[in-house]
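Engineer: Okay, predicted coordinates and the sequence, questions at the end:
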Amino acid sequence: MQRPAFVLNTRAIGIGASRSLAMKGVPVVAVDFRPEAAKLRSNSFTAYHQIPDIEKSPDGAVESLIQAQEPYAEKGVIFPTSDAFVLFVSRHRKELGKHFEIALPSEEVLEGMINKKFQYDIAAQLGVTIPDTYFPSSMEEISSLKNDISYPALIKPYYSHLWQPIFDNKGFQVFTPEELMAQFRKVLSAGVEAMVQSVIQGPNPNLISVRAYFDKNGVPHGVMEAQKVRQYPVDFGVGCLTQTVHCEEVRKMGLKFMQALGYRGVGYVEFKKDDRDGEYKMIELNARVGKTIGLSTRAGINLPWMMYQDLSGGQIDEVHDYPDKVRWHDFVHDCRAYMTLRSRGDITFKEWMRTSLGSECHCYFAWNDLKPVMVESKYGYSSVKELFYVALYSVGKSFKGSRSNQN
């Protein structure tokens, strides 16, 4: 039997990676531990395997994963597609490495990369520009620096995967020292580590990331830049409309940062151009494939396939360029972004439709693989509901505007 790919996580990122591999004829074993994950069956999955909870029963999860590999003659290739799964594979790499091919940086480096403080320390040492950032650990420390911070500021986590289940956002934006104190007290009470960072000024399209696959020797392949057109939440969120772009400045800084870390596997670094000084400043490195992995594949740069080829002992299909303005779309979250932006007067319904309808690939939707989007949106209900709200909202705003003009 052909060497399988074990894609850990069946949500949007895992489905994007699975589709990228399946289109090359790779058998994909989808793996997850959440009870509801079994519902998100994609046509790209050759098989599905549920393991015990990786946080509550990591040893049981390792044993179960190894059992899933046993029917195959060759080692499977592991693709962890969430921070939690990346840490799980890294912490058990010695045992898993006997049964699977794995591409990860050293455990010490990887643990640091999941920790945003470590990333900023390394970036500063390399001369990669970062926003003004502080690392208070008590109310006394935050009180002593509250008047030295440039506002607005963002309270953001060291470890995103520990923060998200508690606060369900990427951070808290604060505009005054009093807000900073109140929100930081809430964070400390939750028992999570957080930093305070000056907000980089500029719209969503100022956000550009560079992504690549770093082989066993640390050589980058399939380097590509992508630009956020919109994100949700609109100020600090996840991209919901993203497009390919070329940006040599971001490419150089991102590759320099990842190579200095000794990075291995698929990863991407995000930067944002600050309108105040025109400089690109590093936001973070994600040590895995991202939610928009399908964008790279649609643009002709199949990063999961490159990683599979390398770890299987084959020759990587080199791709050195790609077209601009190939677009990836997350419909439901983009509806919500539109409503926020429209309420601010930053976008019209016509502009939103023009940019949204031109997308070549999507978060869950694919014509040849409809079940994921049907399940994710509860058989279309959420998607229809979001579109109804958008239409109703737009008509209401237009009617209100026309009444104001008449008066």
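Structural biologist: Nice, I can see it.

Engineer: domains for this structure, by residue range?
Structural biologist: 5-102, 132-198, 204-329, 331-400 (automatic domain parsing).

Engineer: wait, which of those domains is closest to residue 117?
Structural biologist: domain 132-198 (5.3 Å; C-beta to C-beta). From N, CA and C alone the C-beta is placed, and that goes for glycine too.

Engineer: First-to-last residue distance for the closest one?
Structural biologist: 5 Å (C-alpha to C-alpha, to the nearest Å).

Engineer: tell me the mean pLDDT over it?
Structural biologist: Regarding domain 132-198, the rounded mean pLDDT is 90.

Engineer: what's the distance between it and the middle of its chain?
Structural biologist: The chain centroid and the centroid of domain 132-198 are separated by 21 Å under C-alpha atoms, centre = their mean, to the nearest Å.

Engineer: Also stretch 50-60?
Structural biologist: Distance of stretch 50-60 from its chain centroid, counting by C-alpha atoms, centre = their mean, is 23 Å.

Engineer: same thing with stretch 24-43?
Structural biologist: How far stretch 24-43 lies from its chain's middle: 19 Å, per C-alpha atoms, centre = their mean.

Engineer: now stretch 251-258
Structural biologist: 18 Å.

Engineer: which residues are in contact with that stretch?
Structural biologist: By C-beta atoms under 8 Å, 6 or more residues apart in numbering, the residues outside stretch 251-258 that reach it are 122-123, 126, 128-129, 209-210, 212, 214, 220, 223, 225, 267-269, 271, 280, 282, 285.

Engineer: can you do 10 Å?
Structural biologist: 105, 113, 119, 122-123, 126-129, 208-212, 214, 218, 220, 223-225, 247, 263-264, 267-271, 280-282, 285, 287 (C-beta atoms under 10 Å, 6 or more residues apart in numbering).

Engineer: Return the set of buried residues in that stretch.
Structural biologist: 251, 253, 254, 255, 257, 258 (16 or more other C-beta atoms under 10 Å).

Engineer: Let me know the closest of the residues you listed to residue 91.
Structural biologist: Looking across the buried residues of stretch 251-258 and measuring by C-beta to C-beta, the closest to residue 91 is residue 258, at 21.4 Å.

Engineer: Using CSV, write out every CA atom in the strand or helix carrying the closest one.
Structural biologist: Using DSSP states H and E, residue 258 sits within helix 248-260. This file holds the C-alpha atoms of helix 248-260, laid out as CSV (Å, rounded to 0.1, in the frame of the first residue of the first chain):
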residue,chain,number,x,y,z
GLU,A,248,10.2,40.9,-1.5
GLU,A,249,10.7,42.8,1.7
VAL,A,250,8.5,40.5,3.7
ARG,A,251,9.9,37.5,2.0
LYS,A,252,13.5,38.3,3.0
MET,A,253,12.6,39.1,6.6
GLY,A,254,10.4,36.0,7.0
LEU,A,255,12.9,33.6,5.5
LYS,A,256,15.8,35.1,7.5
PHE,A,257,13.8,34.6,10.7
MET,A,258,12.8,31.0,10.0
GLN,A,259,16.2,29.9,8.8
ALA,A,260,17.8,31.5,11.9
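
Engineer: Setting the sequence-adjacent residues aside, check what's closest to residue 139.
Structural biologist: Using C-beta to C-beta, 6 or more residues apart in numbering and skipping the chain neighbours, the partner closest in space to residue 139 is residue 185 (6.3 Å).

Engineer: Can you name every helix or strand that the host helix or strand of residue 342 contacts?
Structural biologist: Using DSSP H and E, residue 342 falls within helix 331-344. When contacts are defined as 3 or more C-beta pairs under 10 Å, 6 or more residues apart in numbering; DSSP states H and E, helix 331-344 sits against strand 220-232, strand 238-245, helix 349-356, helix 371-376, helix 381-406.

Engineer: mean pLDDT lowest for which of those?
Structural biologist: For the helices and strands packed on helix 331-344, where the average pLDDT is lowest is helix 381-406, sitting at a mean of 52.

Engineer: hang on, the earlier thing: okay if I get the buried residues of stretch 251-258 as JSON lines plus pLDDT?
Structural biologist: Formatted as JSON lines, the entries for those read as follows, by pLDDT from 0 to 100:
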{"residue": "251", "pLDDT": "97"}
{"residue": "253", "pLDDT": "93"}
{"residue": "254", "pLDDT": "94"}
{"residue": "255", "pLDDT": "95"}
{"residue": "257", "pLDDT": "91"}
{"residue": "258", "pLDDT": "91"}
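
Engineer: That'll do, ta.
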